[in-house]
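Asks: Mind folding the following:
(chains A, B, C and D, ligands or ions: 4)
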Amino acid sequence: MTADDLGRTAPHAVTVDLYRAVRLIRRFEERAIEFVRSGEIVGGIHPYLGQEAIAAAVCAALTSADVITSTHRGHGHVLARGADPGRMLAELMGRETGLNKGRGGSMHAADFSLGILGANAIVGAAASIATGAAWAYRQQGRDTVAVTFFGDGAMNEGMLLEALNLAALWQVPVLFVCENNGYATTMPVGSAVAGSITARARAFGMPAFTIDGQDPETVLKASTAAVARARSGKGPMFLECLTYRFDAHHTFEHRARLDYRSPGEVAAGRARDPVAIQGARLPERERAAVDSEVEAALDAAAEFALGSAHPDPADPLKYLYAVMP
Amino acid sequence: MTADDLGRTAPHAVTVDLYRAVRLIRRFEERAIEFVRSGEIVGGIHPYLGQEAIAAAVCAALTSADVITSTHRGHGHVLARGADPGRMLAELMGRETGLNKGRGGSMHAADFSLGILGANAIVGAAASIATGAAWAYRQQGRDTVAVTFFGDGAMNEGMLLEALNLAALWQVPVLFVCENNGYATTMPVGSAVAGSITARARAFGMPAFTIDGQDPETVLKASTAAVARARSGKGPMFLECLTYRFDAHHTFEHRARLDYRSPGEVAAGRARDPVAIQGARLPERERAAVDSEVEAALDAAAEFALGSAHPDPADPLKYLYAVMP
Amino acid sequence: MPKLSYLKALNRALGDAMELDPSVFLLGEDIRVAASNLTAGLSSRFGPERVIDTPLSEQAFTNFATGAALAGMRPVIEFQIPSLLFLVFEQIANQAHKFSLMTGGQCKVPVTYVVPGSGSRTGWAGQHSDHPYTLFAHVGVKTVVPATPSDAYGLLVSAIRDDDPVVVFAPSAALGVRDDVDFSTLAPVPLGVGRVARSGRDVTVVALGHLLQDALVVADELAGVGISVEVFDPRTVYPFDVDGLAASVAKTRRLVVIDDSNRTSGFAAEVLALAAERFTLDAPPRRVTRPDGAVLPFALALDRAVQPGRDQLVAAINAVLEDQ
Amino acid sequence: MPKLSYLKALNRALGDAMELDPSVFLLGEDIRVAASNLTAGLSSRFGPERVIDTPLSEQAFTNFATGAALAGMRPVIEFQIPSLLFLVFEQIANQAHKFSLMTGGQCKVPVTYVVPGSGSRTGWAGQHSDHPYTLFAHVGVKTVVPATPSDAYGLLVSAIRDDDPVVVFAPSAALGVRDDVDFSTLAPVPLGVGRVARSGRDVTVVALGHLLQDALVVADELAGVGISVEVFDPRTVYPFDVDGLAASVAKTRRLVVIDDSNRTSGFAAEVLALAAERFTLDAPPRRVTRPDGAVLPFALALDRAVQPGRDQLVAAINAVLEDQ
Ligand SMILES: Cc1ncc(C[n+]2csc(CCOP(=O)(O)OP(=O)(O)O)c2C)c(N)n1
Ligand SMILES: Cc1ncc(C[n+]2csc(CCOP(=O)(O)OP(=O)(O)O)c2C)c(N)n1
Ligand SMILES: [Mg+2]
Ligand SMILES: [Mg+2]
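Replies: Residues are numbered from 1 along each chain as shown, chains lettered A, B, ... in the order given. Ligands and ions are numbered 1, 2, ... in the order given. Here you go, the predicted structure:
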C-alpha cells in the first residue's frame, strides 16, 4: 500500500471547505502576529504559517466523535477542529471568554466540547495522552479515533517513541501526524534525526507514509484512509507530512535574528504555499467570497476578543483542583 | 553484511578462555544464590544464569581501553570484564572490601579501574551514559569503545531509544548489546515489543543483527567485528542476542511462585546451555582443570568476602559528595 | 476478628473500587501475575482488559493514563519502585496536575499512582530506596502515606474516587503490618484529615507511614518512664491537616516530627515551618529525618543508619522536654 | 565602570570556564545559534565540538553528560525551559547525584545544569513558568540561584569547577539586571556562602534570585518610614548558609522569607524550620511564597497574582514587626 492508494478525490464542496480552513488559519495567524506586535497578546506565539494544509485536511477527515491533541504550534489544529476564532483569540489575549478562560494561552488552547484535548507545551508529551484517550473511548464502545499532531523534533523524544509502541501493541485507533517542517527551532532535521522518521514508526509496527504536507487534498486523501483504517480496528498509522514553516519558530525570533535558514531556502519553502495551492482550485470569484467571509469572521473574532473582560485576579488559582478539602 | 560475515573462528586459547568465563559466571551465580538463601547476601540478586555466553564473549572482544555499562542483572558483565570475584562477592555482601566498598550492592557493582562504569538499577538508563562516555573518550583522542548491555524490556524505554539516536547521529563508538531473554520480569517480549527490536535499531540508523546468544563463539565473532567497526570510526552497532534466563527474574521469585513460564518452556530454554555448549569444545580433562581452577578461585573469593569487615556505620553517607563545603 | 495486612488492604481497596465503578482500571508492570502482590487475584476477577500489563515505558503509560482519565476513566497505576516516580515526574507534575487549571476547568484527571514498597526495601540500595512523597506535596499533587491497614484501604479508595491526581505511597516497611479488622467497618477515609493515633499530654509526635509504628512503640516505652506522648498521624502529606495538628499541639505545646524524607525542605520542614508561623511552643520543635541528600547505601547497617529511627526519636523527645 | 548584564555575565562565565579548562563543553538545544543568548559567540569561539546542539532528547543527553563526566569531562547543559528539569529528574536525582556514593567514591560527576529563564517568563503560561529549585535542594543536588551579575558569573564558574552535579537557576526576571562591574573583579563565588546584600537592624529578609531586587526595593521604601531591613541573599539554596543567616537574625531577631517556590515544603519552609529549631526570635517568622500547588495561569494579572510580590513582602514585614 502506498499513500496514493489511500483515498479518493475531493468533490467541490470539500475543495472549498479546505480552502476556507487554510485561509482562516493563515489570516488568523497573521492577525495574531499583529496582536503580538501591538502587545495585546503577551508572551508571543509559535506561528503555524505555511503548515495550514496539514491541520485543515487532517481535521477534515474526522467526525465529531473524534479527538485531537496539539502542540506549542497549535492554533491551526484548534481552529481546523472547529474552535470558535473569537474564543481562540480571546484565549491568546488572556480573556475570561477564551477557550480556557484565559488560563491556558497559546500553548494550551483546548476545547473539550469539540474533542480538542489541548495543545501541549512539552514537545512529545501529547502523543501518549492521545493514545490513552483513544484507547479509553474504544473500551467504552465509542467509535472515536484520536489524532495527535507533533513536529519532526518530537521524533527524538523518548516518551513519543514509547507511545508509538503502546499504540501499535494495543492496536489503538490513533493517527500520528508528524509535521516535518525541517527544523526543531533552529536544529535541522538532518542533524537531529538519525535514520528516518517513517522507518522509526514502521519499526514500532505501524504503517507509515511520507506525504506532501503542502497540498491539502493530498493530506486529506491520506488522512481519510488512515482514519478509516483506525476506526475499523486495524490500529494506528503514521503520516509524515513534509512542510515548511514560513515564519519564525516563535515570535521572539522577530526581534532576535537567529541565523539558521538562508533567505534562499526560506524563499523556496514559501514558494509551495498551501493557501495558494488550494486557492488555485477555486474559481476566482468563489475564492474571493471565501476570503471576505473569513475576513468578516476574523473581524468579529477580534472585536469579541478585544471587548472581552480579563479574568478576576482575586482567585488566580481557580480550577487548580477539581475538589479540594 | 550478515552476522556470519562479521568475524573469525576462535583459536583454542580463546575457546578455553571463553569456557573459563562462562563457567566462572555460572558457578559464581550458583554460589551467590546460596548466599542469598543463607542470608549472607541481603536483598537478593537477579541471577545471570543462562545468559553467560553474552557477557563472556562480548567482554572477550574488548581491550583494556574499553568500557562497559551493565544492568540490574549485571554480575556476568562485571566478572567477564575482569572484576575480582572476591571483591565482587564482598560487594554483594555489603563489605568494606567490596568493589564499591559495600555501598552499591548487586545492582550497582562498578570497577572504574577496569572500565566498568557501573551496573544500573534503572532499566534503560545506562545506554546513554555509555554513549556519553564513549563520545568523551573519543574527544580526548582515546581509542575506547563502550559496550552497553541491556534487556529486551529496555527496548521500550524512551531514554534508551533516544540514546540510539544520539549514538548514530554522532557516530559514537558504542556497541548496544540487547540480551533478549524473552521476558521483562514476567512480561513476554511479544506482548511488550511491537514491531521488532533490530528494526528499531536500524531505524535509528545503525546496523543491527540478531544472533544466537547461547553460543559464546557466535557472540564473540559478532562482537569482535562490531567493536572493530566502532573503533575504526564507523559508528555504533546493535546486537540482539537471543538467550534464555534459566532461573528467577530475581531471587524473590524463589519464594513467590509467579506463574508466567511453563515448565516445558523452561526446560526447552535450559536445554541450550552456554556452559555446556562451550564446554563441549574442550577435551574432558582440560575442562575439568578449568572447573577446579574456577572452584578454587571461588572458594578463595568466598573466604575473602566472608572474612571482610562491614563498613563503619558512623559515617553512612561517606562518598556522597566529592566536595562539600 | 480477622487479621488484615496492609498490603492485602490495598488489594481489597482496588478490588472494591473496580467492583463499584467500571471506569476504574489498573495499569503497570507485572500486575497480571501480581509480582508485588498488590493486584493479586484481580486479573482473573476482572479480566485482562482492566488489569493491564505495560511494557517498560513509564513515561508513555503515565500520560496514557492521563489521556484515559480525560476520556472519563479512573486509571490506577502501580509503580514497582519509588524512583520510577522520578522518571515520570514531568508527566505527573507538569501534565496531569496542570490540566485542570490550564484548561480553565474543562477537564479533570482522576489518576491514582500507587507505589507498593516505598522507602528502604532492605538491601535494594541507592536507586530503589527513595521515599519521595515530599516532592509531590511540594508541587501540589495530593499525596497520601497510609500507616495502618484500615487507612491503607480507606485512603486508597478515596484516592481512586478523587477527581484529581493522587499519589499513594505504601512504605515497604508497612506492607506487612497486620491489624485486627472488622471488614464491615472498612470505609473510605477522607484525604486531608489526620488522626490522633495515641493520645498524650507532654509532646506531640507527628509520624506517618511505617514510622507511625515506630512512634507508637517509642510512646509505649516512654510511658514507662512517665512521659506521655501524643502521636499524630496526618495520613495525607498534602493536603495537610494543620487544624488537627494545631489542636494536638495546643494541648502538648511540644512538637517532634519523624519523617522518612531528606531533611532540607522535607515534610518535617513544612511542619516545623507551620509551627514557627502559628503555634506557641514551650520548646523549639525537632525533626528526625534522613540526612540531606541521602542516598541509601547498600550495606545494611549503613542503610539503617541513614533512616530516621527510634533512638533518634527518643533523643528528640527528650530534648524538647528538657528545653524550655 | 562598564555595565554587565546578568545574562552576559553567565555567558562570560561559560567562555572563561571553557578557555581555562578544555574539558568543559556545552550541550543543549539551539545553543550554537544561541537562541537564549546564554551561549552567544561561544560556538564560533570554541567550535562546534565544544558547543553541541542536541536533538530533543533531554533524558538521553542528560545521561550522556553524566557518562562524559565519568570519562573526565565537565559538561554544562543548557535547558531551555525549567520544566525540562522535571523530564530529567531521574537522570539528575537518581543517576548523576547517586553515582559517587553508590560506587564507593570511585567516580565523580561534575555536570552543571543551567536554566537561563526560570520562573515566570511573562506570558509563557503553566508549563513554562516553574521554579523548581527546592526540588533539587531537597534531594541534595547542589542548587544555585544567583541574584546579581557578579554572582551569576562567580557562582556559575564555581558550579562548573565543582566536582559534583550542580543546578544553576537563572530567573527570567533577573536576566536583564545590569550592574556597574569592574570586570577585573569578577571571580569565583564559593557555593554555600550567603551574603548580606543590605544591612539593617529591625528584620532580616531572606531573598534570592530575582526576588533580591524586590527585597532591596522594599527595604529602600521601608527605610523611608523608619524601618531598617537587613536583606540576606543565600545565593545557594543547597548547601544553605545557615551560619550567615544566624548571624543576621541574631541581630534583628525577626525573619521574613520571600521565595518563588510553592509554599508547602519549599525553600522558605526550610528556612522557617531552621528558625524554629535554632533561632530566638521576637515574633513568629513569615514566608511569602507561591501558593500551594501553584500552576501559573496564562492571563498576566493571574500570573502576577500567583507570584510572591513586594506588597506581600511589605505586609509580612509589617506583621513581624507588630507581632511580639
Ligand atoms: C520536551 C521539550 N523540549 C524542548 C522544548 C523547547 N522547544 C519548544 S518547541 C521546540 C522545537 C520543536 O520542534 P518540532 O517538534 O519540530 O516542532 P516545530 O516547532 O517545528 O513545529 C523546542 C526545542 C519543549 N517545549 N519541550
Ligand atoms: C525504568 C525501570 N522500570 C522498571 C523497573 C523494574 N524492573 C527491574 S528489571 C525489570 C525487567 C527488565 O527486563 P529486561 O530489560 O528484559 O531485562 P531482564 O530482567 O530480562 O534481564 C523491571 C520491570 C526498573 N528497574 N526500571
Ligand atoms: Mg519542526
Ligand atoms: Mg529480558
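
Asks: In the stretch 1-150 of chain A, which residue sits closest to ligand 4?
Replies: A:S128 (22.8 Å; CB to the ion). For glycine as for every other residue, the C-beta is placed from the backbone atoms N, C-alpha and C.

Asks: any idea which element that residue lies in?
Replies: helix A:126-139 (DSSP states H and E).

Asks: The helix or strand that comes right after that helix and ligand 3 in contact?
Replies: Where DSSP H and E defines the elements, the next helix or strand beyond helix A:126-139 is strand A:146-151. Yes. Remark: strand A:146-151 sits within contact range of ligand 3 at A:G151, by CB under 5 Å from the ion.

Asks: Show me what from chain A comes close to ligand 1.
Replies: A:72-73, A:121-124, A:150-154, A:157, A:181, A:183-185, A:249 (CB under 6 Å from any ligand atom).

Asks: So which of those residues reach chain D?
Replies: Among the residues of chain A next to ligand 1, the residues lying close to chain D (CB under 8 Å from any CB of the partner chain) are A:A121, A:I122, A:V123, A:G124, A:G153, A:A154, A:E157, A:A184, A:T185.

Asks: what about C:V257, is that helix, strand or coil?
Replies: strand (DSSP: H, G, I helix; E, B strand; the rest coil).

Asks: Could you double-check that it sits in contact with C:F267?
Replies: Yes. Using CB atoms under 8 Å, C:V257 is in contact with C:F267, at 7.5 Å.

Asks: Right, and ligand 1 sits closest to which residue of chain A?
Replies: Closest to ligand 1 within chain A is A:G151: 2.3 Å, counting by CB to the nearest ligand atom.

Asks: pretty sure that residue is touching A:E179, no?
Replies: Yes. With contact defined as CB under 8 Å, A:G151 reaches A:E179; the gap is 5.4 Å.

Asks: can you count the residues close to C:L302?
Replies: Look at C:L302: counted by other CB atoms under 10 Å in any protein chain shown, it has 24 neighbours.

Asks: what does A:A288 give?
Replies: Counted with other CB under 10 Å, A:A288 comes out at 12.

Asks: number of nearby residues for A:V42?
Replies: For A:V42, using other CB under 10 Å, the count is 20.

Asks: quick one, helices of the chain?
Replies: With no chain named, the answer covers chain A. Using DSSP state H, the helices assigned to chain A run over residues A:12-38, A:52-60, A:75-80, A:85-92, A:126-139, A:158-169, A:189-192, A:197-203, A:216-229, A:253-256, A:263-271, A:274-279, A:284-306.

Asks: sorry, should have said chain C
Replies: Under DSSP H, chain C gives helices at C:6-20, C:42-46, C:58-70, C:84-87, C:89, C:99-102, C:133-139, C:149-161, C:211-223, C:242-252, C:267-278, C:300-306, C:310-322.

Asks: Now do the end-to-end distance for stretch A:184-196.
Replies: 15 Å (CA to CA, to the nearest Å).

Asks: Tell me which residues are up against it.
Replies: A:123, A:151-156, A:180, A:182-183, A:197, A:249, A:258, A:260, B:164-165, B:168-169, B:202-206, D:29-30, D:32-33, D:35, D:53, D:55-56 (CB atoms under 8 Å, 6 or more residues apart in numbering or on different chains).

Asks: Select the helix or strand of chain A having the lowest average pLDDT value.
Replies: helix A:253-256 (a mean of 90; mean pLDDT, DSSP states H and E).

Asks: which parts of that helix are buried?
Replies: A:E253, A:A256 (16 or more other CB atoms under 10 Å in any protein chain shown).

Asks: Now do the residue most central in space within chain A, the pLDDT please.
Replies: Nearest residue to the geometric centre of chain A (CA atoms, centre = their mean): A:H77, 3.1 Å. Here the pLDDT value assigned to A:H77 is 98.

Asks: Now do the same contact list for it.
Replies: A:A55, A:C59, A:I68, A:S70, A:T71, A:I116, A:A119, A:F149.
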